[in-house]
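Chemist: next come a sequence and a model predicted from it.
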Amino acid sequence: MSKELKLDLDHSKKYVVACSFGPDSMALLSATLKNHLKIVVAHVNYHKRDISNFEQASLTKFCNENNIKIEVLDTANLEVSGNFQEWARETRYKFFKNVVEKHNAIGVLVAHQEDDVIETYKMQKNRKNLVKYWGIREENNILGVKVIRPLLGYSKQELLEYDISNKIPYSIDESNLTDHYSRNKVRHSVVEKLTKEERKNIILELKNKQKIEQKFVPKISYKKFAKMSYENIVRFIDFYMTKHNEHRDLSAKFIEEIQKSFATNANISFKITEHVTLSKMYDDVEVTDLENFYAYELVVNKKAMNKFLKIDFSMGAEDRGIKDEDFPLIVRNVNPKDRVKVKDYFVEVRRQFINWKMPTHLRKMWPGIYNKNNELIYVPRYRKDFVDNHKSILKIDLTKIRNK
């Protein structure tokens, strides 16, 4: 392979390099130096192995010799709670986030490589669960920090050869040599035995699978949701959170609370993060981003438009009960407590929404048409897959409201 590693990164930005002193992260650190990037190194010492202090000292020496700022988290005095791997991951990324903010960096660079991608893909297939992303993302957000993985196109062997060729110091984590963890079993029994052609075919298969299955729909039937396992519910919610750079650890207790509430309520919502909500509306369960809800007001003489509404009453709107003397019209988020005339009597819009079985998030955005005297005179009817047969044009793009 080439003695150089190409990094497609912005030279005007600063990055935090997550470095354990293993061969992969040291190859990444060396490559950032050769590419003249602005960096800060972040290292976590878990004191789990005899050489942990040696690795910290060796990495610190390398950074000092190359005039690199290094931040170290020593976990010796931190209390471990629950599963160590989960605790270590959360501790690590909280530390990375602090370093990113302290040094005004764009994000953290992590040295995941092609072997990690294949291992993850193989494990995903073996588990046969709902997958939010096949393999490993080049970029995502973890605990509020942007994570960038610029080495996914290089194999572990290529990075090791790079270290040797460029005389880069590193140490080997002996725990990776055992089959104690399921990932290690996949690594030693499958990935390390693959030929170059087999690796190439697996990566091609993975990319093709991503193209086919990455069309995520944030809405499913309640019947399907009720049969989902804890792991698949977490993936269903986490897929949406990842897409919108949100994060929350979803405990089994929290998911159980959601399941019980959904089983006994026709309509109920759970706030997952500040912006993301999981709602059950009659027969459906949907995850939505509340940040996209906004107040709007359109003045309509004949035509008007916003990001999800298109109105054209240039040929009249008598077919909606709207008369010429009602103009100019005001179209805005309808107040559910307002009353609208239906045949010969008035009814609250809230009651209309209930009768139509309208999802909660749509109610926040649904338009009401008010006349020049600010009287509500028309509310578009909601139905699933509704086809508007009116001659006047009032189109509502539900995909924009649902933020798919």
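Modeler: Perfect, I can see it now.
Chemist: if I look at the most centrally placed residue in the chain, how far off is residue 125?
Modeler: Centrality entry for the chain: nearest residue to the mean C-alpha point is residue 242, 0.9 Å, by CA atoms, centre = their mean. Per CB to CB, to the nearest Å, residue 242 is found 20 Å from residue 125. (Glycine included, C-beta is placed from N, CA and C.)
Chemist: ok, back up a step: for the residue nearest to the centre of the chain, which non-adjacent residue is closest in space?
Modeler: Distances taken as CB to CB, 6 or more residues apart in numbering put residue 140 closest to residue 242, at 5.8 Å, once the chain neighbours are dropped.
Chemist: re earlier: how near is the residue nearest to the centre of the chain to residue 374?
Modeler: Here the distance between residue 242 and residue 374 works out to 43 Å (CB to CB).
Chemist: so which elements touch the strand or helix carrying residue 242?
Modeler: Taking DSSP states H and E as the definition, residue 242 sits inside helix 230-243. Applying 3 or more CB pairs under 8 Å, 6 or more residues apart in numbering; DSSP states H and E, we find helix 230-243 packed against helix 252-264, strand 276-281, strand 284-289.
Chemist: same for the first one, what does it pack against?
Modeler: Applying 3+ CB pairs under 8 Å, 6+ apart, we find helix 252-264 packed against helix 222-226, helix 230-243, strand 267-271, strand 276-281.
Chemist: now do the buried residues in stretch 121-128.
Modeler: By 16 or more other CB atoms under 10 Å, the buried positions in stretch 121-128 come out as 121, 122, 124.
Chemist: ok, the first one touching residue 133?
Modeler: In other words, residue 121. No. The pair residue 121 / residue 133 is not scored as a contact, 10.2 Å apart, by CB atoms under 8 Å.
Chemist: can you dump the C-alpha atoms of the helix or strand hosting residue 101 in PDB for me?
Modeler: With secondary structure defined by DSSP H and E, residue 101 is part of helix 84-102. Extracted in PDB, the C-alpha atoms of helix 84-102 (Å, rounded to 0.1, in the frame of the first residue of the first chain):
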ATOM      1  CA  PHE A  84     -18.100  -1.800  32.300                       C
ATOM      2  CA  GLN A  85     -18.100  -1.600  28.500                       C
ATOM      3  CA  GLU A  86     -21.200   0.700  28.600                       C
ATOM      4  CA  TRP A  87     -19.800   2.800  31.400                       C
ATOM      5  CA  ALA A  88     -16.500   3.100  29.600                       C
ATOM      6  CA  ARG A  89     -18.100   4.200  26.400                       C
ATOM      7  CA  GLU A  90     -20.300   6.900  28.100                       C
ATOM      8  CA  THR A  91     -17.300   8.100  30.200                       C
ATOM      9  CA  ARG A  92     -15.100   8.200  27.100                       C
ATOM     10  CA  TYR A  93     -17.500  10.200  25.000                       C
ATOM     11  CA  LYS A  94     -18.400  12.700  27.700                       C
ATOM     12  CA  PHE A  95     -14.600  13.300  28.100                       C
ATOM     13  CA  PHE A  96     -14.300  13.800  24.300                       C
ATOM     14  CA  LYS A  97     -17.200  16.200  24.300                       C
ATOM     15  CA  ASN A  98     -15.500  18.300  27.100                       C
ATOM     16  CA  VAL A  99     -12.200  18.300  25.100                       C
ATOM     17  CA  VAL A 100     -14.000  19.300  21.900                       C
ATOM     18  CA  GLU A 101     -15.700  22.200  23.600                       C
ATOM     19  CA  LYS A 102     -12.600  23.300  25.500                       C
END
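Chemist: residue 35: what's it in contact with?
Modeler: 7, 9, 11 (CB atoms under 8 Å, 6 or more residues apart in numbering).
Chemist: just to revisit the earlier point, ok, whatever helix or strand the residue nearest to residue 242 lives in: who's next to it in the sheet?
Modeler: For residue 140, the element it lies in under DSSP H and E is strand 139-142. Looking at strand 139-142 with DSSP bridges, its partner strands are strand 145-148 (antiparallel).
Chemist: rounded mean pLDDT for the strand it pairs with, please.
Modeler: For strand 145-148, mean pLDDT rounds to 93.
Chemist: go on, stretch 85-99?
Modeler: Averaging pLDDT along stretch 85-99 gives 93.
Chemist: in JSON lines: the helices and strands packed on helix 252-264, plus mean pLDDT and distance to residue 54.
Modeler: Output for those, formatted as JSON lines (pLDDT from 0 to 100; distance: least, CB to CB, whole Å):
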{"stretch": "helix 222-226", "mean pLDDT": "92", "distance to residue 54": "50"}
{"stretch": "helix 230-243", "mean pLDDT": "79", "distance to residue 54": "36"}
{"stretch": "strand 267-271", "mean pLDDT": "84", "distance to residue 54": "46"}
{"stretch": "strand 276-281", "mean pLDDT": "85", "distance to residue 54": "43"}
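Chemist: among the contacts of residue 35, which ones are buried?
Modeler: 7, 9.
Chemist: dump the contacts of residue 35 to TSV, plus secondary structure, pLDDT and distance to residue 210.
Modeler: Listed next are those as TSV, based on DSSP: H, G, I helix; E, B strand; the rest coil; pLDDT from 0 to 100; distance: CB to CB, whole Å:
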residue	secondary structure	pLDDT	distance to residue 210
7	coil	94	23
9	coil	95	23
11	coil	94	29
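Chemist: any low-confidence regions in the protein?
Modeler: In the predicted model, the chain carries pLDDT under 70 at residues 1-3, 128-132, 174-184, 188, 211-217, 243-245, 289-294, 384-387, 399-404.
Chemist: now do the helices in it.
Modeler: Taking DSSP state H as the criterion, the chain contains helices spanning 23-34, 52-65, 84-102, 114-127, 156-165, 182-189, 196-213, 222-226, 230-243, 252-264, 349-356, 360-365, 398-402.
Chemist: show me what the fifth one is packed up against.
Modeler: Contacts defined by 3+ CB pairs under 8 Å, 6+ apart place helix 156-165 against helix 23-34, helix 114-127.
Chemist: ok, now the first one?
Modeler: Contact analysis of helix 23-34 by 3+ CB pairs under 8 Å, 6+ apart lists strand 14-18, strand 38-45, helix 156-165 as its packing neighbours.
Chemist: got the domain ranges for this structure?
Modeler: Split into domains by automatic domain parsing, the chain comes to 14-213, 219-290, 297-402.
Chemist: circling back to that earlier point, pick the most buried one from the helices and strands packed on helix 23-34.
Modeler: strand 14-18 (a mean of 23; mean count of other CB atoms under 10 Å).
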